[in-house]
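In: Below are the sequence and a predicted model; questions follow.
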Amino acid sequence: MKLNTLITIICIASFSLPVLAYEKKHEEHEAPHTNLSDAAIENAKLTLATASAQSIRVKQTIFGVIAPNNNNIVHIGAKYKGIVTSLKANIGDDIKAGQTLAVVENVTTGTAFEVISPISGEVTARFTNVGEVVEQKPLFEVLDPSSVWVELSAFPENIESLEEEQTTYVYDLHHHKTVEGTVSYISPQMTGGHIARALIELPNQSGHWRPGMHVKADVVTDSFNASLAINNDAVQRLEDNPVVFIKEGNRFEAREVELGRTDGEYTEVLSGIENGESYVVENSYLIKADILKQGAGHSH
C-alpha cells in the first residue's frame, strides 16, 4: 500500500471515530418513546391535552365537624313570672316565626300570655313542663338550620397559611355533597393539643349538613397564574423521575419535567415541555407500560 493512501485512510478513520462515538452517545441518550398505530391509539382510549397557562389554586386539606351556627340559636322564655298551662311545641318540631310555643298564666294578674318564637327553625330543646312555675329562664331553644358552622381543627402547619375570608370547599366524608364557603374566624389561641379552631359558615337550606357530621375542607391558601401547567393525571414516573408523554404524530415521547406548585388538579411546569405541545392525560400509564416493555425486550 502506498504511503499516501495509508495516510488518507488513517485520517478518515480518525475523523469517523468521534462521529460514530457521538452518534452512539446520541442514541444512548435518546428520550424513551414508543410508536403506536392509529388503531392502537384508539383502542387505548388515550385523551390528550395541550400544555398551556393555567390558574392554579393551592389548597390545604383540614378536617373538622359540623356545628350549629351560634348566631342562629335563640333561647325563648316567659316575659313574666307564671305557671305553664299548656305546651304547643316539642323537641324536633319545625316552627315558623311568630308561632306559639307555650301558654303561661301570670301569677300576679291571672292573665294568660303566649310564649312566641321570634325565628323560624327547629325546636332543639325544651326546659319546662305543664304546671311548672317559671320566671326569667329559657323555656325553649330554637335553631335556624339554614346555615351552620364547620369547626376546623387546624394544626401548627396549617395555621400559618390560614386567613379569614379564604375560599373553602367542604366535603362530607363520603363525597356525596360539596359546598363552597369562606373562613370566618380563626382562634388566636391553641388548645393543649396544639390545635387552633377555625370556623367556616356554610349555607344549609337543604339540611344536608347536620351538626356532629365529620367533614373535610380544602382551604385555598394561594392562587396564581402559571405560565405553563399540566393535568395531574398526565404525570407518570420513569426511573423515579416525573415524566409526561408528548404526542408527535404516532410517536409518544417521555419528557422528564420539573414540577412546581399544584392545586391537586393541575401542576405548574418549570421545565421539560413547551406551551402548545400535546400530551397524554387519561391512560398515560399504558404508554409507560409499553415503553418499559420495550426496554425489557432490549435488556440483556
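Out: Sure, I can see it. Numbering: from 1, shown residues only.
In: Which residues does stretch 141-149 contact?
Out: Contacts to stretch 141-149, defined as CB atoms under 8 Å, 6 or more residues apart in numbering, come from residues 66-70, 72-76, 95, 117, 119-127, 199-205, 207, 209, 211. Placement of C-beta: from N, CA and C, glycine included.
In: Are any of these buried, and if so which?
Out: Buried members of the contacts of stretch 141-149, counted by 16 or more other CB atoms under 10 Å: 66-69, 72, 76, 95, 117, 119, 121-124, 126, 199-202, 204, 209, 211.
In: Can you name the residues bridging to the residue most central in space within the chain?
Out: With distances taken as CA atoms, centre = their mean, the residue of the chain nearest its centroid is residue 218 (4.0 Å). Under DSSP bridges, the beta-bridge partners of residue 218 are residue 61, residue 169.
In: pLDDT value on it, please?
Out: According to the prediction, residue 218 has pLDDT 93.
In: how far away is it from residue 178?
Out: Distance of residue 218 to residue 178, given as CB to CB, to the nearest Å: 9 Å.
In: do residue 153 as well
Out: 20 Å.
In: Who has more neighbours out of those two?
Out: Neighbour totals were compared for residue 153 and residue 178, and residue 153 leads with 15 against 11 (other CB atoms under 10 Å).
In: The more buried one sits in which helix or strand?
Out: Assigned by DSSP states H and E, residue 153 belongs to strand 147-154.
In: Please save the CA atoms from the helix or strand that that strand is followed by in CSV.
Out: Next helix or strand after strand 147-154 toward the C-terminus (DSSP H and E): helix 156-159. Output in CSV follows, covering the C-alpha atoms of helix 156-159 (Å, rounded to 0.1, in the frame of the first residue of the first chain):
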residue,chain,number,x,y,z
PRO,A,156,-49.5,24.4,63.5
GLU,A,157,-48.5,23.5,60.0
ASN,A,158,-52.0,24.7,58.8
ILE,A,159,-52.5,27.8,60.9
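In: What mean pLDDT does helix 156-159 get?
Out: The average pLDDT within helix 156-159 is 86.
In: What of stretch 53-69?
Out: When pLDDT is averaged over stretch 53-69, the result is 94.
In: And for stretch 118-134?
Out: Across stretch 118-134, pLDDT averages out at 96.
In: Compute the first-to-last residue distance for that stretch.
Out: Start and end residues of stretch 118-134 are separated by 19 Å (CA to CA, to the nearest Å).
In: do the same with stretch 148-168
Out: Using CA to CA, the end-to-end distance of stretch 148-168 comes to 14 Å.
In: Repeat that for stretch 133-151.
Out: Using CA to CA, the two ends of stretch 133-151 sit 38 Å apart.
In: same deal with stretch 207-221?
Out: Counting by CA to CA, you get 28 Å between the two ends of stretch 207-221.
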